[in-house]
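> Would you be able to build a 3D model of this:
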Amino acid sequence: MTAAASPTKSGTLDLVEHVARDARELIRLEVDLAKDELGHELAAVKSSAILGVIALALAGLALEHRRMPGLVRRLRRQPSLALVSVLAYAIALAPVLLAGRVSMSSFMTLSDSAVHLIGADFLIHHGRHYAHLDLRNSYGQFIDNYYNTSYPSGADTLFGASAIPLGLSLMWAFQPFNAFMLATAAGPAWLLARHMRLRGAWAALAALSAVLPALVYAYELFGSVKEITALPMILTLGALVVSHRSWLRVGVARAIPFGLVAAAGISALGIAFGAWALAAALVLAVVLAAELRDRRSKPAERRRVVLALAIGVVAALIAAWPTWSDLTGSLKVANEIASTTNSGNLHSALRAEQVLGVWLNGSYKLAPLASALTLTHVLIVITLLAAVGGAVHVLRIREYALAAWIALMIGLGTQIAGQRSATTSSFLKRGMSSGSIKPAWAM
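Numbering: from 1, shown residues only. I've put the predicted structure just below:
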């Protein structure tokens, strides 16, 4: 009986082993096919993302081509408008340009620069597809820990979309991109200066002072790409607030840019940008409420303004949906960012004098010495006196919306920069932005 059963048992084992071997081979083939299919999908994502960026750029040019002749005429009449953007870019990039070689000013200073480089590359090539990441290596772990956990990715996406379609190396395009974002901030800063009744060289000087104060310049050299990308959004919101009569009552769709700019700031900086967006929206709401209470305001006009504001809010919700859809995660990430030990975070309140944007030292952590300290104090006094004179001037010319926005920006920035508690630590780094407002007021 035993001798008869032995061959049967042996044959059964051979059959099981054969079936198992075939099953493993089948699974391996299915995995290879899945990888190949995923590779084709990711390649499609990469090509569609780059083509989408190019298509959007061309669409914007096509829709606004009628304004180009007017823009050229304006630049001819006011050449300093173009000059201020070029100067902002050149000054911001000066340390790299004067080095005589392609370099990164943030190297060995802010380790997050490496994350922004791989993030920009990944987001353009793969979008928000994280399932294929190999979490056994550091690259996959960094991408997963940052961008798959509600980390603000707007700045890195814009960075990648600017460099990759042009075939530029992300490493060498990093500092030029930061400088370019500061240059784009010169436009709304110029418009704010014009609302202060400044013209020509004075308007250019005011715009440069707003775009390149010492604290902002330090963050640009650090490579704090999120904060630098958010700065033009803050100034643009202010410019839209003070010029609201030119767009809000023209058509209901004209409020969309305000919502898109607010959403862009939230995408770049995270939920912490909401403080600046809400401040601008509050000033706009108060000014509109005062204007709409006027007896000369017709009910139809009031309904049109309310509808425009509602459309702007919807635009902000849709454009920044990745942040709103995971609000809890976004708040958590904001606090985690502020708790890191890298050089870009402020773990204690800024010195009161630093908030004015004048600091003649290579690091905001160290006080200037000797003649640099004396000159810093002199410039601080001049800035304060000029700020008082600027405040009187803005009130005298009855630019109340501008006065309210600047005052609220300064108050918000001063409050943020002076906070020490853990609950507000996520907003400490954002106090940098107020350093751009005070010099503009002073001018």
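> all contacts plus neighbour counts: C-alpha atoms, from now on.
Noted.
> Any stretches of the stretch 1-150 of the chain with poor pLDDT?
By pLDDT under 70, the low-scoring segments of the stretch 1-150 of the chain are 1-49, 102, 106-110.
> hmm, 90 instead?
Low-confidence segments of the stretch 1-150 of the chain (pLDDT under 90): 1-85, 92-150.
> And the stretch 251-400 of the chain, by the same measure?
Using pLDDT under 90, the stretch 251-400 of the chain drops low at 251-257, 259, 267-276, 278-279, 281, 284-313, 315-400.
> try it again with 70
294-297, 336-350, 352-353, 355, 357, 362-365.
> can you give me the helices for it?
256-269, 274-292, 299-319, 321-324, 327-338, 370-396, 400-417 (DSSP state H, counting those that start in this stretch).
> Need the winner for burial among those.
helix 256-269 (a mean of 25; mean count of other Cα atoms under 10 Å).
> Domain parsing of the protein, as residue ranges.
Residue ranges for the domains of the chain, per automatic domain parsing: 14-60, 185-442.
> before we move on, the earlier item: can I get the helices of the stretch 251-400 of the chain in JSON lines with distance to residue 59?
Listed next are these as JSON lines, based on distance: least, Cα to Cα, whole Å:
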{"stretch": "helix 256-269", "distance to residue 59": "16"}
{"stretch": "helix 274-292", "distance to residue 59": "27"}
{"stretch": "helix 299-319", "distance to residue 59": "18"}
{"stretch": "helix 321-324", "distance to residue 59": "23"}
{"stretch": "helix 327-338", "distance to residue 59": "32"}
{"stretch": "helix 370-396", "distance to residue 59": "39"}
{"stretch": "helix 400-417", "distance to residue 59": "33"}
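> and of those helices, who's closest to residue 184?
helix 256-269 (13.2 Å; Cα to Cα).
> So which elements touch the closest one?
When contacts are defined as 3 or more Cα pairs under 8 Å, 6 or more residues apart in numbering; DSSP states H and E, helix 256-269 packs onto helix 154-163, helix 225-242, helix 274-292, helix 299-319.
> if you set the cut-off to 7 Å instead, what comes out?
helix 154-163, helix 225-242, helix 299-319 (3 or more Cα pairs under 7 Å, 6 or more residues apart in numbering; DSSP states H and E).
> I figured residue 190 hits residue 209, correct?
No. Taking contacts as Cα atoms under 7 Å, residue 190 lies outside contact range of residue 209: 10.4 Å.
> Comparing the two, which residue is more hemmed in?
residue 190 (30 against 24; other Cα atoms under 10 Å).
> mind listing what the residue nearest to the more buried one when sequence neighbours are not counted touches?
Closest residue in space to residue 190, ignoring its immediate chain neighbours: residue 207 at 5.0 Å, by Cα to Cα, 6 or more residues apart in numbering. Residue 207 sits next to 186, 189-190, 193, 440 when contact means Cα atoms under 7 Å, 6 or more residues apart in numbering.
> go with 6 Å
Neighbouring residues of residue 207 by Cα atoms under 6 Å, 6 or more residues apart in numbering: 186, 189-190.
> Check the gap between it and residue 199 for me.
Distance of residue 207 to residue 199, computed by Cα to Cα, to the nearest Å: 11 Å.
> Three-state assignment for residue 133, please.
Following DSSP: H, G, I helix; E, B strand; the rest coil, we place residue 133 in the coil state.
> just to revisit the earlier point, tell me which of the helices of the stretch 251-400 of the chain approaches residue 85 most closely.
Short answer: helix 256-269, nearest of the helices of the stretch 251-400 of the chain by Cα to Cα, at 19.6 Å.
> That closest one relative to helix 154-163, how many degrees between them?
100 degrees (axes from the mean of the first three to the mean of the last three Cα atoms, to 10 degrees).
> Please enumerate residues in contact with helix 256-269?
With Cα under 6 Å, 6+ apart, helix 256-269 has contacts from 152, 154-155, 226, 230, 233, 273, 277, 312-313, 315-316, 319-320.
> 8 Å instead, please
Residues from elsewhere that reach helix 256-269, judged by Cα atoms under 8 Å, 6 or more residues apart in numbering: 152-156, 226-227, 229-230, 233-234, 236-237, 240, 272-274, 277, 308, 311-317, 319-320, 323.
> Straight-line length of stretch 131-140, end to end?
10 Å.
> from the middle of its chain, how far away would that stretch be?
Going by Cα atoms, centre = their mean, to the nearest Å, the spacing between the C-alpha centre of stretch 131-140 and its chain's C-alpha centre is 27 Å.
> cool, and stretch 371-382?
Worked out by Cα atoms, centre = their mean, stretch 371-382 lies 31 Å from the chain centre.
> Next: stretch 291-308.
Worked out by Cα atoms, centre = their mean, stretch 291-308 lies 33 Å from the chain centre.
> Only C-alpha atoms, please: export that stretch in CSV.
Extracted in CSV, the C-alpha atoms of stretch 291-308 (Å, rounded to 0.1, in the frame of the first residue of the first chain):
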residue,chain,number,x,y,z
GLU,A,291,-19.8,102.5,-2.5
LEU,A,292,-23.0,100.3,-2.9
ARG,A,293,-24.7,102.1,-0.1
ASP,A,294,-24.7,105.2,-2.1
ARG,A,295,-28.2,106.2,-3.2
ARG,A,296,-27.0,106.6,-6.8
SER,A,297,-26.1,102.9,-6.9
LYS,A,298,-28.9,101.0,-8.8
PRO,A,299,-30.2,97.6,-7.6
ALA,A,300,-29.2,96.0,-10.9
GLU,A,301,-25.6,97.2,-10.4
ARG,A,302,-25.5,95.9,-6.8
ARG,A,303,-26.7,92.5,-8.0
ARG,A,304,-24.1,92.5,-10.7
VAL,A,305,-21.3,93.3,-8.2
VAL,A,306,-22.5,90.5,-5.8
LEU,A,307,-22.7,88.0,-8.7
ALA,A,308,-19.1,89.0,-9.8
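> Contacts for it next, please.
248-249, 251-256.
> please redo it, this time with the cut-off set to 7 Å
Contacts for stretch 291-308 (Cα under 7 Å, 6+ apart): 248-249, 252-253, 255.
> Which one (most neighbours) among those?
residue 255 (24 neighbours).
> Could you measure from the closest residue to that one other than its chain neighbours over to residue 319?
Leaving aside its sequence neighbours, residue 255 sits nearest to residue 312 (Cα to Cα, 6+ apart; 4.9 Å). Residue 312 sits 11 Å away from residue 319, going by Cα to Cα.
> picking that back up, now, which of the contacts of stretch 291-308 lie within strands?
If you go by DSSP state E, the contacts of stretch 291-308 have nothing in strands.
> Please tabulate the residues you listed in TSV, including the columns distance to residue 126.
What follows is the contacts of stretch 291-308, written out as TSV (distance: Cα to Cα, whole Å):
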residue	distance to residue 126
248	38
249	41
252	36
253	33
255	32
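> which of the residues you listed lies closest to residue 178?
residue 255 (27.9 Å).
> Hmm, the closest one is touching residue 310, no?
No. Using Cα under 7 Å as the test, residue 255 is too far from residue 310 to be in contact (8.5 Å).
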